[in-house]
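**Student:** no letters, just coordinates:
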């Protein structure tokens, strides 16, 4: 299969928006990015972020926060955007992704607040002490070819190329590590290169850390904030997610994303509801 | 001095809002919470969060994001709030804090998106692996009595009881550690106990980590997200802030706040602009 390009890939087609009027875009949430019938939260974030890229004078999401209000299903949707402030280097906007109830009334799925800038205009100044996570080489991680077929792949899993660190994949064979960690490689299955919008998909794409803590079940995101720190270099990225505090029925998932040139390209944190056991 | 109580303290009086109408509250930003003439970002966050507490059916901020749009100055302000969604356990709202230009037109200072709940209703379930930061005992940390008087105290510093870990206070005597770390104890100077609103103040109250990285100058917050995870026990809290990635003119500050019972009561991350040198 020829490698898909940015702008001509399944991810780009499925996050495409059709302008309806100022600050209003129609969208169609495809069945291809669901898990358990619900559209993936990172996909929704990327789609809303595209709406804001059309609204704001700056191209790249620098910091994006989404609050997840109700479950998104495949079907028609609308993205409503508003400019909050525009400045020379940064601009801020908000977006709502809505769907329709049986009477055609809009129901809000996610509310987004974000500040955009131009990653290409940033200085080369780097004073980082962050070190890439200890993810084994790509070929030593576990991808779809290791799946034993006992669980049907989710729709979104077919569209992603996720290869898990064996040290955080014990849950898949009934031996979770007990640690709140999930690590692996991430790319689009059609080979589309990573960019800031694909990074928004990436930060919510790995299995939840709760799987490795021995908890099964749904981990609904309450809020997710992602910082995109630089444009990723070509090739798949490495993602490391850590949960340190599962308490009172909630947990945080801290993700960092590293590119092939060992740069920290994204940081995210989400607050999620713990599975009820 | 008698110990101030929640509801009857300088912090409470200065964050008090006067209802003007549905979703509209008047406020007065006091000179007492400024540094360099600008009202502190954590104070603004707490004030906006009070507006949302009046708007939403749930009392406690669980996750609060603020985008900082323009510099706030002492004087009149207005907080406009809107309910985004109400649910049984959680509700989401947004708030704008605005001031007035010379013509009386509103100028937005911060835009906030937040989800509230009831910390008192959470389960006692705790499965945390997080460990409290290595902050020396309160009496071994450096407070205002150690100030040599060479720099006038900022207005906000008089209202806080911050005692820095000597290991992260080298900047004050011209010997920064070079590490992106800041740690210390935090309380209100009048002894008012900590609560979720004071925690929103706390997460942006310590000196910036850039001071210990040898950089001087203003570090304007672009966006700050705080998760409040439980009600703090009585007594001052410990705060540890870490910066791992200063790159492209921006940095993150990750803060965690621990109470006297060794519980992780708040986590926050902000994206800030690095000082220009």
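**Tutor:** On my side now, so go ahead. Computed from a predicted model, the values in this text were never measured in an experiment.
**Student:** what pLDDT does the residue nearest the centre of chain A get?
**Tutor:** Nearest residue to the geometric centre of chain A (CA atoms, centre = their mean): residue A:201, 2.5 Å. Model confidence at residue A:201, expressed as pLDDT, equals 98.
**Student:** contact partners for the nearest residue to it once chain neighbours are set aside?
**Tutor:** What sits nearest to residue A:201 in space, not counting adjacent residues and going by CB to CB, 6 or more residues apart in numbering or on different chains, is residue A:42, at 4.2 Å. Backbone N, C-alpha and C define where each C-beta goes, glycine included. With contacts defined as CB atoms under 8 Å, 6 or more residues apart in numbering or on different chains, residue A:42 is in contact with A:200, A:201, A:202, A:203, A:204, A:205, A:224.
**Student:** repeat that for residue A:127.
**Tutor:** Contact analysis of residue A:127 by CB under 8 Å, 6+ apart lists B:213, B:246, B:247.
**Student:** surely the first one and residue B:180 touch.
**Tutor:** Yes. Here residue B:213 reaches residue B:180: they are 5.4 Å apart, a contact under CB atoms under 8 Å.
**Student:** could you check which of those two has the larger neighbour count?
**Tutor:** Between residue B:213 and residue B:180, counted using other CB atoms under 10 Å in any protein chain shown, residue B:180 has the larger neighbour count: 27 against 21.
**Student:** for that one, give me its contacts.
**Tutor:** With contact set as CB under 8 Å, 6+ apart, residue B:180 has these partners: A:129, B:209, B:210, B:212, B:213, B:242, B:243, B:244, B:246, B:251.
**Student:** likewise for residue A:156?
**Tutor:** Applying CB under 8 Å, 6+ apart, we find residue A:156 in contact with A:32, A:33, A:34, A:35, A:40, A:43, A:205.
**Student:** against residue A:45, how distant is it?
**Tutor:** Distance of residue A:156 to residue A:45, computed by CB to CB, to the nearest Å: 13 Å.
**Student:** in a helix, residue A:44, correct?
**Tutor:** Yes. Residue A:44: assigned to a helix according to DSSP: H, G, I helix; E, B strand; the rest coil.
**Student:** what's the helix or strand for the residue nearest to the centre of chain A?
**Tutor:** Assigned by DSSP states H and E, residue A:201 belongs to helix A:196-202.
**Student:** now do residue A:224
**Tutor:** strand A:221-228.
**Student:** just checking: what are the partner strands of that strand?
**Tutor:** Here strand A:221-228 has these sheet partners by DSSP bridges: strand A:60-68 (antiparallel), strand A:264-273 (antiparallel).
**Student:** switch these over to CSV; also include mean neighbour count.
**Tutor:** CSV is the format used below for those (neighbours: other CB atoms under 10 Å in any protein chain shown):
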stretch, mean neighbour count
strand A:60-68, 27
strand A:264-273, 24
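**Student:** distance to residue B:161 and mean pLDDT for these - can I get that in TSV?
**Tutor:** Shown next, in TSV, are the strands paired with strand A:221-228 (distance: least, CB to CB, whole Å; pLDDT from 0 to 100):
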stretch	distance to residue B:161	mean pLDDT
strand A:60-68	31	98
strand A:264-273	28	98
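**Student:** for residue A:224, what are its contacts?
**Tutor:** Residues in contact with residue A:224, defined by CB under 8 Å, 6+ apart, are A:41, A:42, A:45, A:65, A:66, A:68, A:203, A:204, A:268, A:269, A:270, A:271.
**Student:** partner residues bridging it?
**Tutor:** Beta-bridge pairing of residue A:224 under DSSP bridges involves residue A:66, residue A:270.
**Student:** about what we covered before: just the buried residues out of the contacts of residue A:156, in ChimeraX syntax.
**Tutor:** Entered in ChimeraX, the line below selects the buried ones among the contacts of residue A:156, by 16 or more other CB atoms under 10 Å in any protein chain shown:
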select /A:32,33,34,35,40,43,205
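**Student:** so what's the residue count around residue A:238?
**Tutor:** Using other CB under 10 Å, residue A:238 has 25 neighbouring residues.
**Student:** what lines up beside the host helix or strand of it in the sheet?
**Tutor:** If you go by DSSP H and E, residue A:238 is part of strand A:237-242. With DSSP bridges as the test, strand A:237-242 is paired with strand A:181-188 (antiparallel), strand A:250-258 (antiparallel).
**Student:** TSV for those strands, including mean pLDDT and mean neighbour count?
**Tutor:** Shown next, in TSV, are the strands paired with strand A:237-242 (pLDDT from 0 to 100; neighbours: other CB atoms under 10 Å in any protein chain shown):
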stretch	mean pLDDT	mean neighbour count
strand A:181-188	98	23
strand A:250-258	98	23
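**Student:** the stretch 101-250 of chain A: helices as residue ranges?
**Tutor:** Remark: helices assigned in the stretch 101-250 of chain A by DSSP state H, counting those that start in this stretch are A:155-159, A:196-202, A:209-212.
**Student:** run through who's touching the longest one.
**Tutor:** In other words, helix A:196-202. With contact meaning CB under 8 Å, 6+ apart, helix A:196-202 is reached by A:11, A:15, A:40, A:42-43, A:45-46, A:49-50, A:53, A:60-61, A:64, A:119, A:186, A:188, A:192, A:194, A:226, A:228, A:231-232, A:237, A:239, A:257, A:265-266.
**Student:** give me that answer again for 7 Å
**Tutor:** Residues from elsewhere that reach helix A:196-202 (CB atoms under 7 Å, 6 or more residues apart in numbering or on different chains): A:11, A:15, A:42-43, A:45-46, A:49-50, A:60-61, A:64, A:119, A:186, A:188, A:226, A:228, A:231-232, A:237, A:239, A:257, A:265-266.
**Student:** off-centre distance for that helix?
**Tutor:** Distance of helix A:196-202 from its chain centroid, counting by CA atoms, centre = their mean, to the nearest Å, is 5 Å.
**Student:** buried residues in it, which are they?
**Tutor:** Across helix A:196-202, burial judged by 16+ other CB under 10 Å covers A:196, A:197, A:198, A:199, A:200, A:201, A:202.
**Student:** residue A:140: neighbour count?
**Tutor:** Other residues close to residue A:140 by other CB under 10 Å number 10.
**Student:** right, I mislabeled it, should have said residue A:124
**Tutor:** 8.
**Student:** can you tell me how far it is from residue A:246?
**Tutor:** 39 Å.
**Student:** nearest to chain B within the stretch 151-277 of chain A, name that residue for me.
**Tutor:** Nearest residue of the stretch 151-277 of chain A to chain B (CB to the nearest CB) works out as residue A:248 at 3.4 Å.
**Student:** so what's that residue up against?
**Tutor:** B:122, B:123, B:125, B:229, B:230.
**Student:** and the stretch 51-200 of chain A, which residues reach chain B?
**Tutor:** Proximity of the stretch 51-200 of chain A to chain B, by CB under 7 Å from any CB of the partner chain, involves residues A:62-63, A:65, A:67, A:69, A:84-85, A:90, A:92, A:108, A:111, A:113, A:115, A:122-123, A:125-130, A:180.
**Student:** now those: which count as buried?
**Tutor:** A:62-63, A:65, A:67, A:69, A:84-85, A:90, A:92, A:108, A:111, A:113, A:115, A:122, A:127-128, A:130, A:180.
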